[in-house]
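Chemist: okay, structure incoming, though there's no sequence with it:
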C-alpha cells in the first residue's frame, strides 16, 4: 500500500519532486497574495470600530496561522523521521524552521503594530501574543540545536526529537498562557470582541491565508532542495545534475 | 475602491504608521527569506561546479604526469 | 542474567547518588545559587514587606527554574565522556529505567535541597504560613517535572562541547506552564483561596512527563551516542 511513497524518500527523487512542484506553488502563491493584498488594501471596507487599521488583519492573521501551520508540518515530519527513519523528513524540518521564524516575526510585529492604536501600547501580554513569542523561542531553539552539531546526521535526529517534544508542549503552553492571561488581565483585551466578519473582508483574508500557505509550500520546496544538495554534495547524481544544468544553460 | 485619492490611501484614515509599518515589515521579511533561499541554491550549485572543475584539473594533471 | 527493572532502577540510583555525594560542590553550588538569586531580589527592588510578598511566588519559582538548570549539564556528561553511557545503551538493561533512576538522582541533589531550604527563603520574602505550605507542595510536585524536562535538554546536547547555554534555550520555554501554575497556586494560597486545581494540573503534567520523558531522554541519548 505504501509502496508508491517509498521512492520519494530517496534524495534524488525528493529533489526532483520539489523542483517540479515549486514553480507551481510559487505562481499560485504570487497570484493569491497579490490579489488578496490589493483587495484587502484597496477594496475591502474599513471596520466600523477600528477604521483603516483593520487592514493589518490581512497579513497578521495569515502569518499567525501559518506560523503554527509550519510547526504542524515540522511535527509531522519529525514523527515520520523518528518512526520510519527517513532522512528526508529531518531535512524538511530544518528547511521549514527559518520560514516559521519569519512568519512568527511577522505575526508578532504586526500584532504589536495593531495593538498600539487599539490597546494603546505596543506590547500587551495577551495570550496569543505571548504564546506566539514562546513559539518563536522554540523555533530558535530548534535552529540553535541543529547548528550546534558538527555531524548533521545526528543533528537531524536530535532536532526531530526536540520538535516532537515541543509539539507536545506547545498546546500545553498555549492553554496555560490563555488561562494565566484571563486570570491576570482585565477587560482591555476582550473589548476587541469580534463581530462576525463581513464577506467583503472575509474573501481577501482567506486568499491571503491560502497564499501564505502556498508561500510556505514554495519556500519549503526551495529550501528542501538546498538542504538535500548540502547533504548530498559529493554524490554522483548531484554532480551529474549540476553539469547537465550547465549544458542546458549554455 | 475604498479611497478617494492616493493621499487618502497613504494616510490610511490616520493609521498610516501602523498599517504601513506592518505591511512594509511583512514584505521585507518575505522577500528576505525568498531571496536568501534562492541565493543559497545558486551558491551551492556554484560550489559543486567549482569542486567538479577542480577534480577535472587534478585528473588531467595526473594523466599528464603519467604520460 | 536478567535483572528486574526495579533492581536496575535502585542500583543506578544508588550509584548516582554515591557519585553525587562524593562531589558535594555539585550539590551545594546550585543551592547557593538559588539562595543568592532570591536574596538579590529584596536588594534589587526594595525591602517593603508588601512588595516582597507580592513578587515572592515568581521570585522563588524563577530561582528554582534557573538553579535546576545549573547542574543538569553534568547529568549525562561524565557517563558520556568515560563511555559508561555507551555501555548502558548496548547492554540489555532497559534504558528508560536507567534514565528514570538518573533523573531521580538529579532531583534528589537539585530539587530536594531547594524544598528543604524554602522555609528560610519564604521568611526572607515575607510569605505567610499558608503560602509556605503551597510553596513546598508545588515544589514537591513540580521540581521532578523540572528535572525530567531538563534531562531531555541534557540528553540532546550531551555530545556537544558547549551545551550549557543551549540547554537553557531549549528547556526554559518548555517550563513556562509549570511557572504559570506553580506561581498561581502560591498566589492563591497567600490570599487563602483554594489552589488544589493548580496542584492537580501540575500533578497531571508530572504524570504525563513521567510517562513520556524517560523515552524521550533515552532516544535522545541513543542519538547523541551513535
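Modeler: That came through fine. Quick caveat: nothing in here was measured; it's all calculated off a predicted structure. Numbers count the residues shown, from 1 in each chain, chains lettered A, B, ... in the order given.
Chemist: residue ranges in chain A under the pLDDT threshold?
Modeler: A:1-8, A:183-197, A:245-250 (pLDDT under 70).
Chemist: find the closest residue to chain B in it.
Modeler: The nearest approach of chain A to chain B comes at residue A:52, 3.5 Å away (Cβ to the nearest Cβ). Just so you know, the C-beta spots here come from the backbone N, C-alpha and C atoms, and that holds for glycine as well.
Chemist: right, and that residue touches residue B:10 too?
Modeler: No - using Cβ atoms under 8 Å, residue A:52 is not in contact with residue B:10, being 10.8 Å away.
Chemist: tell me the contacts of residue A:208?
Modeler: A:32, A:33, A:36, A:37, A:40, A:58, A:59, A:61, A:62 (Cβ atoms under 8 Å, 6 or more residues apart in numbering or on different chains).
Chemist: how many neighbouring residues does the first one have?
Modeler: Neighbouring residues of residue A:32 were enumerated by other Cβ atoms under 10 Å in any protein chain shown; the total is 21.
Chemist: do you know how far it is from residue A:206?
Modeler: Relative to residue A:206, residue A:32 is positioned 9 Å away (Cβ to Cβ, to the nearest Å).
Chemist: before we move on, what about the fourth one?
Modeler: Taking Cβ to Cβ as the measure, residue A:37 and residue A:206 are separated by 13 Å.
Chemist: of those two, who's got more company?
Modeler: Taking neighbours as other Cβ under 10 Å, residue A:37 and residue A:206 compare with residue A:37 leading, 20 against 14.
Chemist: doesn't the more buried one lie inside a helix?
Modeler: Yes - counting by DSSP: H, G, I helix; E, B strand; the rest coil, residue A:37 is part of a helix.
Chemist: ok so, going back, residue A:52 and residue B:10: who's more crowded?
Modeler: A count of neighbours by other Cβ under 10 Å puts residue A:52 above the other of residue A:52 and residue B:10, at 23 against 11.
Chemist: what's the closest non-adjacent residue to the more buried one?
Modeler: residue B:13 (3.5 Å; Cβ to Cβ, 6 or more residues apart in numbering or on different chains).
Chemist: check residue A:22 too.
Modeler: residue A:221 (3.8 Å).
Chemist: same thing with residue A:235?
Modeler: With sequence-adjacent residues excluded and distances taken as Cβ to Cβ, 6+ apart, residue A:235 is closest to residue A:11, at 7.4 Å.
Chemist: state the distance from the one you found to residue A:160.
Modeler: 17 Å.
Chemist: who's more crowded, the two?
Modeler: A side-by-side neighbour count of residue A:11 and residue A:160, using other Cβ under 10 Å, places residue A:160 first with 28 against 18.
Chemist: can you tell me the SS state at that one?
Modeler: helix.
Chemist: next up, phi/psi of residue 31, please.
Modeler: In the absence of a named chain, chain A is used. Per-residue torsions, residue A:31: phi -60, psi -50 (degrees, to the nearest 10).
Chemist: for chain C, what are the nearby residues on chain A?
Modeler: For chain A, the residues in contact with chain C (Cβ under 8 Å from any Cβ of the partner chain) are A:82, A:134, A:137-138, A:140-141, A:144-145, A:148-149, A:154, A:157-158, A:161-162, A:164-166, A:168-169, A:172-173, A:176-177, A:179-180, A:183.
Chemist: and if we set it to 7 Å?
Modeler: A:134, A:137-138, A:141, A:144-145, A:148-149, A:154, A:157-158, A:161-162, A:165, A:168-169, A:172-173, A:176, A:180, A:183 (Cβ under 7 Å from any Cβ of the partner chain).
Chemist: now residue B:4: phi and psi?
Modeler: phi -70, psi -40.
Chemist: OK, contacts around residue A:33?
Modeler: A:208, A:211, A:215 (Cβ atoms under 7 Å, 6 or more residues apart in numbering or on different chains).
Chemist: tell me the residue of chain B that sits nearest chain A?
Modeler: residue B:13 (3.5 Å).
Chemist: Three-state assignment for the residue nearest to residue A:52, please.
Modeler: helix.
Chemist: so it is in contact with residue A:51, correct?
Modeler: Yes - judged on Cβ atoms under 7 Å, residue B:13 makes contact with residue A:51 at a distance of 4.6 Å.
Chemist: what strand or helix carries the residue positioned nearest the centre of chain B?
Modeler: Chain B has residue B:35 as the residue nearest its centroid, 1.5 Å off, counting by Cα atoms, centre = their mean. Taking DSSP states H and E as the criterion, the element that holds residue B:35 is helix B:16-66.
Chemist: what is that helix packed up against?
Modeler: helix A:57-84, helix A:87-119, helix A:199-232, helix A:236-249 (3 or more Cβ pairs under 7 Å, 6 or more residues apart in numbering or on different chains; DSSP states H and E).
Chemist: ok, 6 Å please
Modeler: Applying 3 or more Cβ pairs under 6 Å, 6 or more residues apart in numbering or on different chains; DSSP states H and E, one finds that helix B:16-66 contacts helix A:87-119, helix A:199-232, helix A:236-249.
Chemist: tell me which of those helices is the most buried.
Modeler: For the helices and strands packed on helix B:16-66, average neighbour numbers computed from mean count of other Cβ atoms under 10 Å in any protein chain shown are highest in helix A:87-119, which has a mean of 23.
Chemist: contact partners of stretch A:105-119?
Modeler: For stretch A:105-119, contacts defined as Cβ atoms under 6 Å, 6 or more residues apart in numbering or on different chains pick out A:53, A:56, A:59-60, A:63-64, A:67, A:122-124, A:129, A:132, B:15, B:18, B:21-22, B:25-26, B:29.
Chemist: go with 7 Å
Modeler: A:50, A:53, A:56, A:59-60, A:63-64, A:67, A:121-124, A:129, A:132-133, A:136, A:188, A:192, B:15, B:18, B:21-22, B:25-26, B:29.
Chemist: and if you look at stretch C:6-18?
Modeler: Counting by Cβ under 7 Å, 6+ apart, C:93, C:97, C:98, C:100, C:101, C:102, C:104, C:105, C:108 sit against stretch C:6-18.
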